[in-house]
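>>> Mind folding the following:
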Amino acid sequence: MSDDLAKQRCTQYRRRILHLSQKLGPLHIAPAFSCLEIVDALYHRIMRRRRETPIDFLDSFILSKGHGALAQYVILESLGILPESELNNLCKPEGRLGGHPDYGVPGIEASTGSLGHGLPIALGMALADTALGIDRVIFVVMSDGELQEGSVWEAMLLAPTLGLTNLVAFVDLNDFQSLGRTSEIHPNFYPVREKVQAFGWEAVEVDGHDSQVLYDSVMHREGKRPHMVIARTVKGKGISYMENAPIWHFRSPSREEYELALHELDGGR
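Model prediction:
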């Protein structure tokens, strides 16, 4: 599948998120923009489907980075899993979609947003599948700031011991945690890949906005250990005034900012 198609989809996702931002108060737009290509690659290229059914996946996905839920919502909408009406009622009393994913909503396999929970949940699912002989890969996307949670490292230490080759994690490495750069607030956090490998994982570091590279990073894994893709990304990717600007962690654009963002997405940057 052409990487150009992925770029076109992600541009449309960004437009949809910006459209939603004009109907609501503050939203986690920049965190969603940094992981869009990762989530798109998972749904459109990496996760296996049952037969030719377009929306019935054999593999499973957990967005542990729950504050990036807008990325998952707009992709589920594009696949026909979530109706347009659901997104139009985002964060409204009459709607089912909140600021973070909730189990029970179509396409959502775990309630997340309390950072550090997604990888342990995915580990449990992968272990159960291994015990039951179920052919499924559990994919999870985490934020880089989330890796400071102890529960992440406990799960990371346990997964290779259990031989969970059916567990694949992505780290959205945008170098931000809430309102500051991770590299400045917690410099000993780096290097990430070497730490992950020391815990017994297979790990690669790639461009998190390149669909083909993201696909290859999973398809070319050895498959003898749990696998982690450290994806280098830009917070607020795609909109110049949002990129690497801490204020956009939780904020919606004004009408003027909205129009400027659409202009940039249309190639006027």
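
>>> any idea how far the nearest residue to Phe33 once chain neighbours are set aside lies from Leu214?
Excluding the flanking residues, the one nearest Phe33 by CB to CB, 6 or more residues apart in numbering is Lys237, at 4.8 Å. (C-beta placed from N, C-alpha, C; glycine too.) Separation of Lys237 from Leu214 (CB to CB, to the nearest Å) stands at 14 Å.

>>> what touches both of these two?
Residues touching both Lys237 and Leu214 (CB atoms under 8 Å, 6 or more residues apart in numbering): Glu37.

>>> higher neighbour count, those two?
Leu214 (26 against 21; other CB atoms under 10 Å).

>>> returning to that earlier point: let's verify the residue nearest to Phe33: helix, strand, or coil?
Classification of Lys237 using DSSP: H, G, I helix; E, B strand; the rest coil returns coil.

>>> Which elements pack onto the helix or strand Ser151 falls within?
In the assignment (DSSP states H and E), Ser151 maps to helix 150-161. Secondary-structure packing of helix 150-161 (3 or more CB pairs under 8 Å, 6 or more residues apart in numbering; DSSP states H and E): helix 118-132.

>>> how about 10 Å then?
helix 118-132, strand 167-173, helix 192-198, strand 227-232 (3 or more CB pairs under 10 Å, 6 or more residues apart in numbering; DSSP states H and E).

>>> which parts of the longest one are buried?
It stands for helix 118-132. Across helix 118-132, burial judged by 16 or more other CB atoms under 10 Å covers 118-123, 125-127, 129-130.

>>> Check the third one too.
Neighbour-count burial for helix 192-198, counted by 16+ other CB under 10 Å, picks out 192-193, 195-196.

>>> Would you check which pair of the residues you listed lies furthest apart?
Farthest apart among the buried residues of helix 192-198 by CB to CB are Arg193 and Lys195. That separation is 7.3 Å.
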